[in-house]
Structure formats: structure tokens, C-alpha cells
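In: Below is the structure, and that's it, no one-letter string:
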């Protein structure tokens, strides 16, 4: 696997976890648990943004991608 495909896989996993945390936060009545899951969702959103940033960087700066664009 390439780094890019590994990052795409990590992105999909992170997006799935984000959805789970959001669902947990919405479905619980326990305010402590709700706050915990919201915090975890916020952290996962930050992870997703970082992975997307790295993917964008690779797409823009990968010599193999530049070869195909010429």
C-alpha cells in the first residue's frame, strides 16, 4: 500500500469514529457522558482535518502526480 492509500483508509476510519461519537453524544441522557463524547468527536474532527491536510499536500507535491498532469 502507498502512504496515500493508507491515509485514505485512516480517514475513512476516523470519519466512522466521528459519526459514532456524535451518535453516542446525542443518544445519552448522562451529561458527563454527553460531554465526553462531544469532546471525543471534536478531537476526531481535528484528526480528520489533519489527515485531509496531509492528503492535500501529497496530492499537490507528489512527483508521480505531477508526472501525470504533464
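Out: Okay, I see it. If you're wondering where the values come from, they're calculated on a predicted model, not measured in any experiment.
In: which of the residues in the helix of greatest length in the chain are buried?
Out: Counting residues, the longest helix in the chain under DSSP state H turns out to be helix 31-61. Buried residues in helix 31-61, counted by 16 or more other Cβ atoms under 10 Å: 37, 40, 41, 44, 47, 48, 51, 55. C-beta here means a position set from N, CA and C on the backbone, and glycine is covered the same way.
In: Residue 2: which of these is nearest?
Out: residue 55 (11.5 Å; Cβ to Cβ).
In: right, and the closest one touches residue 11 too?
Out: Yes - judged on Cβ atoms under 8 Å, residue 55 makes contact with residue 11 at a distance of 7.0 Å.
In: what's the pLDDT at residue 70?
Out: Here, the pLDDT recorded for residue 70 equals 47.
In: tell me, what residue is most central in this protein?
Out: With distances taken as Cα atoms, centre = their mean, the chain has residue 48 as the residue nearest its mean C-alpha position (2.4 Å).
In: Next, find the distance separating it from residue 26.
Out: 19 Å (Cβ to Cβ, to the nearest Å).
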